[in-house]
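# how would this look folded up:
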Amino acid sequence: MLRAVPLVAVLAAAIGCGHNIGDPCQTNVDCSPAGDRYCDTGSLGGYCTQENCDVNSCPGNSVCIRFFTALANEKCTFNPVTRLSSMCRSDERCVTDHAITNDGKCAGPDDTAPDGTCNGHCAPNSSEHRWCQARCSNDGDCRGGYMCRQTGTAGAEPVPTFDMSLGDPAKFCAPTGLSS
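Just a heads-up that it's a prediction; the model follows:
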């Protein structure tokens, strides 16, 4: 009977183990045998994540990011200082093609217009999806084939908080090849 206790403890620990957010995977079980994580097989080598997150709901060293699907044929401009956009319908938002720098300018060399606005595309508010992403401070924090990307890039935005309706800017590991 005493031997059964250690075996049960080892099995329970093994079942609780899974990959961290951002780790490579092939199936959902690779990320978490408990079924609370998802393997995004559309990302290079798979990407362990958690769907439908909210502020402070992502595990470990990860952050909740909301993604919007931009409409390629609906261009818009976005003012990073006022956080206002133009040319999108009321049920859409303007997502920038490149990151906004800390001093409120577009990161892409040809993206800042003389009036300070950035180029972007309209994205339906209904296209929002939230995913936990691996947090990073630079490219070296991400695995091979991934880069450290800031929110405000290619349809990725921080999740709003009660005291900050725009959300806290965050950096996360994303596949290379996306706008930075």
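
# spatially central residue in the protein, please.
Nearest to the geometric centre of the chain sits residue 65, at 3.8 Å (CA atoms, centre = their mean).

# in three-state terms, label that residue for me.
strand (DSSP: H, G, I helix; E, B strand; the rest coil).

# quick one, domains of the protein?
Domain ranges of the chain: 18-66+128-175, 75-126, per automatic domain parsing.

# all helices for the chain, in order.
Taking DSSP state H to define them, one finds helices in the chain at 4-16, 28-31.

# other SSEs contacting the last one?
Which is helix 28-31. The helices and strands touching helix 28-31, judged by 3 or more CB pairs under 8 Å, 6 or more residues apart in numbering; DSSP states H and E, are strand 38-39, strand 48-49. Backbone N, C-alpha and C define where each C-beta goes, glycine included.

# ok, the last one: who's next to it in the sheet?
Paired with strand 48-49 in the same sheet, following DSSP bridges, are strand 38-39 (antiparallel).

# contacts for the strand it pairs with?
Strand 38-39 has contacts (CB atoms under 8 Å, 6 or more residues apart in numbering) with 25-28, 30-31, 46-51.

# so how far is that strand from its chain's centroid?
The chain centroid and the centroid of strand 38-39 are separated by 14 Å under CA atoms, centre = their mean, to the nearest Å.
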